[in-house]
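Undergrad: can you look at this prediction? I've put the sequence above it.
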Amino acid sequence: MFGYRVPAPDEAMLISGGRRGLGGAPFRVVTGHGKFVLPVFRKTRFLTLSMCEAEVVEHCVTRQGIALKVRAVIAFKVGNDTESIVNAGQRFLSDQDQMSVLTGRIFAGHLRSIIGSMTVEEIVTERQKLATEVLDTSKSEMAKIGLHVDSLQIQSIDDGDTGYIDAMSAPHKAAIQRQAQIAQAQATQASAEAEQEAARNQAEYARQTAIVQAQYSAEVEQAQAKAAQAGPLADAHAQREVLDARTELAERAAQLRQQQLVAEVVKPAEADAERIRVLALAEAERMKIQAEAAASYDRVALDRMLIDQLPLIVKEAASGLAGANVNVLNGADGLGEIAAGLVGQGLTILDSVRNNLGSPAPQGMGQGEREPLDIKRYLGAPADRGQADGGKGDNGKRDGGKGDGPVEIQ
C-alpha cells in the first residue's frame, strides 16, 4: 500500500520527520509492525537487529612479562529495547559495519588489561575466567553504544618463539607419553596374552575335538561290534529261553510226579499204618481190660476160697497143740490169749497165701491154673508127729532148741 512501511523481523524501522521519538530522539522506532509514512514529509531508515561478529587478534603481555598472541571472537547485536536501538542508531545508522570495528577495539583494550594481571598458567588453564572478566568489564561500555554481547570465546593463545607454553606442558607431555607408553605396553602385553590365550584355546579345542572324534569312533566301533554280535547273542538268548522253559517243564513234571506218589503210595501207606496202630492199641487195651477183669475175678475167687478154708487153717493150727503139754497160768484169760494167737496166726497165713497167689504160675501149668493150696506149709507143721515128739525133754521142752512147731506157753 502506498506510504505503508513494515520492518523485517530482525530490523528496526526509524522514522524521522514530524514529532520526535522517545526521550527526545530525532526519530521514532518501530519494530514488529508496520506504519503509514507520509512521503516527502517523513523519511524511513532501517537498523539491523541481527547477530554480528567481531574478531580480535591482540598481542598482550602477561604479569610475568611473557608476550602472548591472543585470538578471540565476540558475538554481539543491537539491544532489543528502544533505548539501545536509539543509541545504536545515532552512532551506526549511516555505517553499520563500524559496529564490529568499534566492538573489536573495545574488547582488545579490555583483553590487554586483564591478561596483564594474569600469569600464563592462569590464562592457559582458566580461559573461561578470562572471558568472563572481559565481558564484565566491557558490558557497561557496550550498553552505552546500544550493543549487547552474547558471548566471548578465546580461540587461541600463542607465545611465539619463547616456547614457554611448550616448556610448561613438557612434564604433562612426559607424563602423558609415559602413560601412553605404559598403556601401549599394557596393550601389547594384553595382546600377547590374548594371543597366547587364543593359542591355548585353539590347542584345547583341537584336543577336545580329537577326544570327541576318538569317542565317536569308539562308539561307532562298539555299535558295529554289538551289531555283529546281535545275531549270535539273540540265538543264544533264544536257546537259553528254550532250556529254561524245558527245565521249568521238567521241574513241574517232577513236582507233579512227586504229588502223585504222595497221593498214590505215601498217603495210603500212612493210612494203613495208622489203621494198624489204632487196631493194635485197641487190641492191647482189650487184653489189658480182660487181664484186669481176670485178675479181679481170681482175687475174688481166692478171697472166697481162703474164707472157706479159714476154719480148716485154724483147725490145722490148733491140731499142732494136740497132745502138747500146755500150762495155762491165768485161767480163762490165758485161754482167750491162746485162741487169739491162733486166729492171728490164721490171718497172717491168709495174707501170705494172697501174696504168693499173685506170683506167676509154675512151669507146666496153664494160664488160669494155680498150684494146690498146701495149708500145712504155711502153718509150719513138722513132717510127722513122731519126729516132733522125739525132741522133747521131761518138762515138755525141746532138747535141741526151738523147732518149727508150736512152743510151750509158760
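TA: In hand now; what should we look at? Numbering: from 1, shown residues only.
Undergrad: the longest helix in the chain is where?
TA: The residue-count maximum for a helix in the chain (DSSP state H) belongs to helix 164-261.
Undergrad: right, and the helix or strand after that helix?
TA: Past helix 164-261, further along toward the C-terminus, the next helix or strand under DSSP states H and E is helix 267-319.
Undergrad: quick one: work out the angle between that next one and helix 164-261.
TA: 60 degrees (axes from the mean of the first three to the mean of the last three C-alpha atoms, to 10 degrees).
Undergrad: and helix 267-319, what other elements does it pack with?
TA: The contact analysis (3 or more C-beta pairs under 8 Å, 6 or more residues apart in numbering; DSSP states H and E) places helix 267-319 against helix 332-357, helix 375-379. Yep, even glycine has a C-beta here, placed from its N, CA and C like the rest.
Undergrad: least confident of those helices, on average?
TA: Lowest mean pLDDT within the helices and strands packed on helix 267-319: helix 375-379, at a mean of 49.
Undergrad: any low-confidence regions in the stretch 251-400 of the chain?
TA: 298-300, 302-303, 306, 309-310, 313-340, 342-343, 345-347, 349-400 (pLDDT under 70).
Undergrad: mind listing the helices for the stretch 51-200 of the chain?
TA: With DSSP state H, counting those that start in this stretch as the criterion, the stretch 51-200 of the chain has helices at 82-92, 98-115, 120-125, 127-144, 164-261.
Undergrad: report all helices and strands that the last one contacts.
TA: Under the contact criterion of 3+ C-beta pairs under 8 Å, 6+ apart, the helices and strands touching helix 164-261 comprise helix 120-125.
Undergrad: just the fourth one next, same as before
TA: Here helix 127-144 is seen to pack against strand 67-78, helix 98-115, helix 120-125, strand 147-158 when contacts are counted using 3+ C-beta pairs under 8 Å, 6+ apart.
Undergrad: one more time with 7 Å, if that's ok
TA: helix 98-115, strand 147-158 (3 or more C-beta pairs under 7 Å, 6 or more residues apart in numbering; DSSP states H and E).
Undergrad: got the angle for it vs strand 67-78?
TA: 50 degrees.
Undergrad: pretty sure residue 29 is in a strand, no?
TA: Yes: the assignment for residue 29 by DSSP: H, G, I helix; E, B strand; the rest coil puts it in a strand.
Undergrad: list the contacts for it?
TA: By C-beta atoms under 7 Å, 6 or more residues apart in numbering, the contact list for residue 29 reads 12, 14, 21, 82, 85-86.
Undergrad: could I get the pLDDT score of it?
TA: Reported pLDDT for residue 29: 83.
Undergrad: show me the beta-bridge partners of it.
TA: Beta-bridge partners for residue 29, by DSSP bridges, are residue 14.
Undergrad: now do the same end-to-end measure for stretch 140-151.
TA: 15 Å (C-alpha to C-alpha, to the nearest Å).
Undergrad: go on, stretch 33-48?
TA: With C-alpha to C-alpha, one end of stretch 33-48 sits 15 Å from the other.
Undergrad: contact partners of it?
TA: Against stretch 33-48 from outside (C-beta under 7 Å, 6+ apart): 3-7, 10-18, 78, 85, 88-89, 93, 96.
Undergrad: count of residues packed around residue 44?
TA: By the criterion of other C-beta atoms under 10 Å, residue 44 has 16 neighbours.
Undergrad: need phi/psi at it.
TA: Dihedral angles of residue 44 (phi, psi; degrees, to the nearest 10) stand at phi -120, psi 130.
Undergrad: so for it, what's the pLDDT?
TA: 82.
Undergrad: do the same with residue 247
TA: 92.
Undergrad: ok, it - contacts?
TA: Contacts of residue 247 by C-beta under 7 Å, 6+ apart: none found.
Undergrad: how close does it sit to residue 241?
TA: 11 Å (C-beta to C-beta, to the nearest Å).
Undergrad: quickly list what's touching both of the two.
TA: If you check residue 247 and residue 241 against C-beta under 7 Å, 6+ apart, no residue is contacted by both.
Undergrad: from residue 31, how far off is residue 252?
TA: 127 Å.
Undergrad: those two: who's more crowded?
TA: More crowded of residue 252 and residue 31, by other C-beta under 10 Å: residue 31, with 17 against 10.
Undergrad: contact partners for that one?
TA: Contacts of residue 31 (C-beta under 7 Å, 6+ apart): 7, 12.
Undergrad: from residue 240, how far off is it?
TA: From residue 31 to residue 240 the distance is 117 Å (C-beta to C-beta).
Undergrad: how about residue 285?
TA: For residue 285 relative to residue 240 (C-beta to C-beta), the value is 63 Å.
Undergrad: same question, residue 211
TA: 39 Å.
Undergrad: same question, residue 78
TA: 116 Å.
Undergrad: those two - which one has more neighbours?
TA: Between residue 78 and residue 240, counting by other C-beta under 10 Å, residue 78 is the more crowded of the two (26 against 10).
Undergrad: can you pull up the bridge partners for the more buried one?
TA: With DSSP bridges as the rule, residue 78 is bridged to residue 147.
Undergrad: for it, what are its contacts?
TA: 47, 49, 84-85, 88, 146-147.
Undergrad: nearest to residue 259 among these?
TA: For the contacts of residue 78, the minimum distance to residue 259 (C-beta to C-beta) is 131.8 Å, reached by residue 49.
Undergrad: next up, phi/psi of the closest one, please.
TA: Residue torsions, per degrees, to the nearest 10, at residue 49 are phi -110, psi 10.
Undergrad: mind listing what it touches?
TA: 10-12, 77-78, 80.
Undergrad: find the nearest non-adjacent residue to it, please.
TA: residue 10 (4.8 Å; C-beta to C-beta, 6 or more residues apart in numbering).
Undergrad: count of neighbours near the one you found?
TA: Neighbours of residue 10 (other C-beta under 10 Å): 13.
Undergrad: and residue 131, by the same measure?
TA: The burial count for residue 131: 18, using other C-beta under 10 Å.
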